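[1] sequence? don't have it. structure:
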């Protein structure tokens, strides 16, 4: 079952972010909806579409950026109400634009997300969740993780008011009366929460930063139920979701919008014991999707997906067939009288705008040649950026989007990194020889009308550095925006909520006259995804896992004392060197003691061997596939003469090629890991020499596990 939708462009507003769009339904089921949109200029505007023209109902003056927009349906004679959140304030408007509420929340943090239901208002800042009823605070919760979204609903069984907050630290927390009743751990960081209602049933869905959609079972088990949409195609993160019956099947579909501009529609069936999901539509708008809502908008009787992009474009994907305007005899588009008048009016407006632009350019050129001390002021370039760890490929995804077309992007780093090819990236790349401490200096020159650019960055653990990105838009006068990202020594580690204790660990103990805040800061400068503040208790415990090897790092620390456990000795060595360097800057004396568990070295070498063996096998299969394609044996007549092994290999071709994307150079990185383990182990045990290291390096050119083990000390690793 496929869905056919046609794009219709409506208008352009200012730069938009998430939670910027709502629809206000009419009194009748198929009546056209009103549209409310907010932007970063602080403007709220409400309009509707009548005869393909925008009818503006009201528009507010510019002000502070609006972070969230919500709409509450009215009942009976009461009309629905619009609520906007800006800084620490919540304002309420009627559908006619009358301001009826100005509420100062008193929060110490700016409001990042909000949810409104009847008389209940839920506001979330970066770490603070607060529940208000009739503008009176009834409870609050301080979260250690960063809060990204909040929803609330009444339980179908107990009729109790429940709220869910999605946290950046891979947690979804269920609250009642501002108290956490259940914490649900998920595999990756959530980006948005959505209440999917269908046939009197309610499901809580969440989108993730790596492009997946999960479902939470909050009714019975209060646990993570499973994934509805996986990340098999390495999809971009999910920015928005909505549920609506677009095709008249009496079942709500799930519509999602992604960071890379993909809009997808899925047919769901969640009432069965086994969830059934099928993609029925996809559309690439080539811009970052910030929000989408479904309803009857452009033409009465036709459902539509209304979409806003980061650059402010507002367009719809309508079910109205375009074939009604096609002349089948000649295959041409037939313009109506109204359409012809609109085209003529648009042409006149374009000529007027061109004249105004020429006048403003002449005025600017004249002002630059004046004798007065005047300066050209350039507004701050708004950049929507993300630098996140992709655990599947052990790389970082750098995503940059600006409202105007990008001219070029300059990337500079003083640490060793590798910039990898991205399929969606069509920019021209220029590499420059490293000078003056620059390990990497690369320029990406973009094609015309490119507002969004995604890159893959591979880092090397053990090095600290700063990644500087200079974004230059295609505007005059020339300007650039500098973005900086820290490359931490243990950059390929991510935070765990639970740690595996059934392992052999090496232990690093550090004592000294440092405070809790100091040791917490030193750890945060070494490992990513560390919370901004330590736990309120006496002892803080943090756990991390390497996405490259799967090794564990456990940190237990308090004032004046810290213990670190890891099955990878190189991880502890890197952590020790980083903390020692920071303590030396502050002239703090440390007592350091490290104990090595030989069994842990065995475990890590076996882990590395398993990964290298898998990489070598995949590389061999890829070479065989390329050879089979070269001799053209993929035709049906030739396949039947192949052996079963080659037939099975051709059947898995698509999966093999997907898994090998971005895996170039992994074997070299893993061989460097073995070298680092050997160096750190020998330096602690004694007996390290450059001659022995050179012998191991030569042996790794023709890798075998037995050969590597034999070059380690006979005591006690001869039993490996």
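    Alright, I've got the coordinates. Not measured: the values here are computed from a predicted model.
[2] Buried residues, the helix or strand residue 46 falls within. List them.
    Remark: residue 46 resides in strand 44-50, with elements defined by DSSP states H and E. Going by neighbour count (16 or more other Cβ atoms under 10 Å), the buried part of strand 44-50 is 44, 45, 46, 47, 48, 49. In short, each C-beta sits where N, CA and C put it, glycine included.
[3] I'd like the residues you listed written out as TSV, with pLDDT and distance to residue 65 added.
    Below are the buried residues of strand 44-50 laid out as TSV (pLDDT from 0 to 100; distance: Cβ to Cβ, whole Å):
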residue	pLDDT	distance to residue 65
44	94	12
45	93	15
46	93	18
47	92	20
48	91	25
49	88	26
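[4] Of those, which is the nearest to residue 92?
    residue 44 (11.1 Å; Cβ to Cβ).
[5] wait, residue 684 sits on residue 597?
    No. Counting by Cβ atoms under 8 Å, residue 684 does not reach residue 597; the two are 11.3 Å apart.
[6] would you list every one of the helices in this protein?
    Remark: helices assigned in the chain by DSSP state H are 337-368, 516-524, 569-585, 598-630, 636-639, 644-651, 653-659, 666-685, 690-699, 705-711, 714-717.
[7] Tell me which of the ones you listed sits nearest to residue 149.
    Comparing the helices of the chain under Cβ to Cβ, the one sitting nearest is helix 516-524, at 24.4 Å.
[8] Residues in contact with the closest one: which ones?
    510, 514, 530, 533-534, 540, 542, 555, 557-559, 562, 575, 578-579, 582-583, 586, 588 (Cβ atoms under 8 Å, 6 or more residues apart in numbering).
[9] tell me what the strand holding residue 46 is packed against?
    strand 34-38, strand 53-59, strand 81-86 (3 or more Cβ pairs under 8 Å, 6 or more residues apart in numbering; DSSP states H and E).
[10] Out of those strands, which is the most enclosed?
    Compared across those, strand 34-38 shows the largest average neighbour count, a mean of 25 (mean count of other Cβ atoms under 10 Å).
[11] For residue 572, report the pLDDT, please.
    Looking at residue 572, its pLDDT reads 93.
[12] In contact with it, which residues?
    506, 508, 553, 564, 566, 594.
[13] ok, now how distant is it from residue 686?
    Distance, residue 572 to residue 686, by Cβ to Cβ, to the nearest Å: 17 Å.
[14] now the buried residues of strand 44-50 in a markdown table, with distance to residue 500?
    Converted to a markdown table, the buried residues of strand 44-50 look like this (distance: Cβ to Cβ, whole Å):
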| residue | distance to residue 500 |
| --- | --- |
| 44 | 50 |
| 45 | 53 |
| 46 | 54 |
| 47 | 55 |
| 48 | 57 |
| 49 | 56 |
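[15] Not counting its neighbours along the chain, what's nearest residue 547?
    residue 391 (4.2 Å; Cβ to Cβ, 6 or more residues apart in numbering).
[16] how about the contacts of residue 572 in a markdown table, adding neighbour count, distance to residue 152 and pLDDT?
    Written out in a markdown table, the entries for the contacts of residue 572 read as follows (neighbours: other Cβ atoms under 10 Å; distance: Cβ to Cβ, whole Å; pLDDT from 0 to 100):
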| residue | neighbour count | distance to residue 152 | pLDDT |
| --- | --- | --- | --- |
| 506 | 26 | 46 | 90 |
| 508 | 24 | 44 | 93 |
| 553 | 27 | 37 | 93 |
| 564 | 23 | 40 | 94 |
| 566 | 27 | 41 | 92 |
| 594 | 16 | 49 | 90 |
